[in-house]
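J.: Have a look at this prediction, sequence included:
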Amino acid sequence: MSVKTKLPALRLRLTAAAENIVRGGHPWVFAGSVRQQNRDGKMGELAVVYDRDNKFLAVGLYDPASPIRMRVLHVGKPAPIDREWWRALRAATMARRNSLFNDQTTGYRCINGESDGWPGLVLDRYDTALVLKLYTAAWLPRLHEVVELIRGGSQRLVLRLSRNITEMAREEFGLADGQLLHGAPLDGPVIFRESGLRFEADVLSGQKTGFFLDQRENRRLVESLSTGGHVLNLFSYSGGFSLYAARGGAASVCSLDINPHALAALERNFAINQDIAAVAACARESVQADAFAWLSGPADRRFDLVVLDPPSLAKRDSERPDALNAYRRLLNGAMARVNPNGMLVAASCSAHVPAEEFFDLTRTTARATGRHFTEWRTTDHAADHPATFPEARYLKCIYLRFS
């Protein structure tokens, strides 16, 4: 896969520190690390990095408009980045998922960006529909080739775009977020299975690619902890944790979210699972409220299991101190709602808050309550969401049982 050009190959030389970082496997080359290049680069073309000894170091996708000037595709010995190379990469990526899922789980991540060798590109499956999300404009000139490579036997392929490239995609390539790239138009959400439960995914305009696939393993753990209990799901979105808790035998589930559309989706997800006896038997309540405000009120209700899974609270490193303060407020309020012998499940998806910092904050906040607690476990990324470099490690979750 290549962008046709009659120009000489784009050659980059990096600072000594950046050379070492790339040689060590990091997939990003920042603009400030490029000390020399032979010409101006075009969006999406291949750029080749040569080291101080004029030897091949790496090749990647060039993006002149981004602080991440090049996203590494290959490092080490020279290799032709041709059609066969891309096909081999796709085959290897899919092979890593072959043993992970069966027909009871038809929603999962097929390609996880840099950690699968596809920098700035995510591909999710929802039953027979695929959703391609791009986080860098470097893929836009190659979109036709990408579609042919990844489409496979899917009935539909939907394009999703990160906010930072939406305007460029529209103005320079005529592309829109939620655009159907292949297949018949959708007349509603896509229904898929996860661990035997049915969920709907709004693949055209929903958050991420339509569902939070990355929390699957934690949802399964919550199911195993819910038998006979009263469960509170904070920041419930469309009810993933709530449904698993219900199937796990929860006596009741209270789902809280500020978004009425998310709560409506939650109700629909419960409706399409009423053939499961435990789901039908579970008493449920939906509360439309801001979780920060709700948790700051009196703790007049307590629950046997509290799930705290807020959206990212730090989009950039400068927001990290405020995010830690926000997490502390949420943790204090959530812990006040946990019954004796109850469990708190606290998750963070803020990449700029490292796992150990979040875990330590949670433990410190728990100690400050004066209650005795034990740590059951911590979790991170699921197998279909590998994270092979620091910036990719965003998801973490800790389980505390209070006396």
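T.: Sure thing, it's come through. Residues are numbered from 1 along each chain as shown.

J.: Could you report the neighbour count for Leu395?
T.: 22 (other CB atoms under 10 Å). The way it works is simple: take the backbone N, C-alpha and C, and place the C-beta from them, glycine included.

J.: Would you mind measuring from it to Met168?
T.: Distance, Leu395 to Met168, using CB to CB, to the nearest Å: 29 Å.

J.: Please apply the same query to Arg371.
T.: According to CB to CB, Arg371 and Met168 sit 52 Å apart.

J.: again with Trp28
T.: Taking CB to CB, one finds Trp28 at 19 Å from Met168.

J.: neighbour count winner among these two?
T.: The neighbour comparison of Trp28 against Met168 (other CB under 10 Å) goes to Trp28, with 21 against 15.

J.: From what I see, the more buried one and Val75 are in contact.
T.: No - with contact defined as CB atoms under 8 Å, Trp28 and Val75 do not form a contacting pair (11.9 Å).

J.: in stretch 185-193, what counts as buried?
T.: For stretch 185-193, the neighbour count (16 or more other CB atoms under 10 Å) marks Pro189, Val190, Ile191, Phe192, Arg193 as buried.

J.: In strands only, show me the residues you listed.
T.: Val190, Ile191, Phe192, Arg193 (DSSP state E).

J.: Greatest separation within these: which pair is it?
T.: The span of those, defined through CB to CB, is set by Val190 and Arg193 at 11.2 Å.

J.: Report the set of residues contacting both of the two.
T.: Both Val190 and Arg193 are contacted by Asp127, under the criterion CB atoms under 8 Å, 6 or more residues apart in numbering.

J.: For Asp300, grab phi and psi.
T.: When read as degrees, to the nearest 10, the backbone of Asp300 gives phi -90, psi -10.

J.: Can you point out the buried residues in the lengthiest helix in the chain?
T.: Scanning the chain for the helix with the most residues, using DSSP state H, yields helix 320-335. Neighbour-count burial for helix 320-335 flags Arg320, Ala323, Leu324, Ala326, Tyr327, Leu330, Leu331, Asn332, Gly333, Ala334, Met335 (criterion: 16+ other CB under 10 Å).

J.: Against which helices or strands is that helix packed?
T.: Where contact means 3 or more CB pairs under 8 Å, 6 or more residues apart in numbering; DSSP states H and E, helix 320-335 is packed against helix 291-296, strand 303-308, strand 338-348, helix 355-368.

J.: Now tabulate those in CSV and tack on distance to Arg268 and mean neighbour count.
T.: Converted to CSV, those look like this (distance: least, CB to CB, whole Å; neighbours: other CB atoms under 10 Å):
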stretch, distance to Arg268, mean neighbour count
helix 291-296, 22, 16
strand 303-308, 20, 25
strand 338-348, 24, 21
helix 355-368, 32, 17
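
J.: Nearest approach to Ala65 belongs to which of those?
T.: Nearest of these to Ala65, taken as CB to CB: strand 338-348 at 30.3 Å.

J.: ok now that closest one, how far from the chain's centre?
T.: Centroid separation for strand 338-348 versus its chain: 23 Å, with CA atoms, centre = their mean, to the nearest Å.

J.: again, but for stretch 107-116
T.: The answer for stretch 107-116 is 9 Å, by CA atoms, centre = their mean.

J.: go on, stretch 325-336?
T.: Centroid displacement of stretch 325-336 relative to its chain, using CA atoms, centre = their mean, is 23 Å.

J.: Quickly note the distance from the residue lying closest to Phe192 once chain neighbours are set aside to Gln155.
T.: Leaving aside its sequence neighbours, Phe192 sits nearest to Gly107 (CB to CB, 6 or more residues apart in numbering; 3.8 Å). Separation of Gly107 from Gln155 (CB to CB): 15 Å.

J.: Of the two, which one has the most company?
T.: Set Gly107 next to Gln155 and count neighbours by other CB under 10 Å: Gly107 wins out with 25 against 13.

J.: name the helices or strands packed onto the helix or strand harbouring Leu243?
T.: Secondary structure assignment for Leu243, by DSSP states H and E: helix 240-247. Contacts defined by 3+ CB pairs under 8 Å, 6+ apart place helix 240-247 against strand 197-201, helix 216-225, strand 230-234, strand 252-257, helix 260-271, helix 277-281, strand 303-308.
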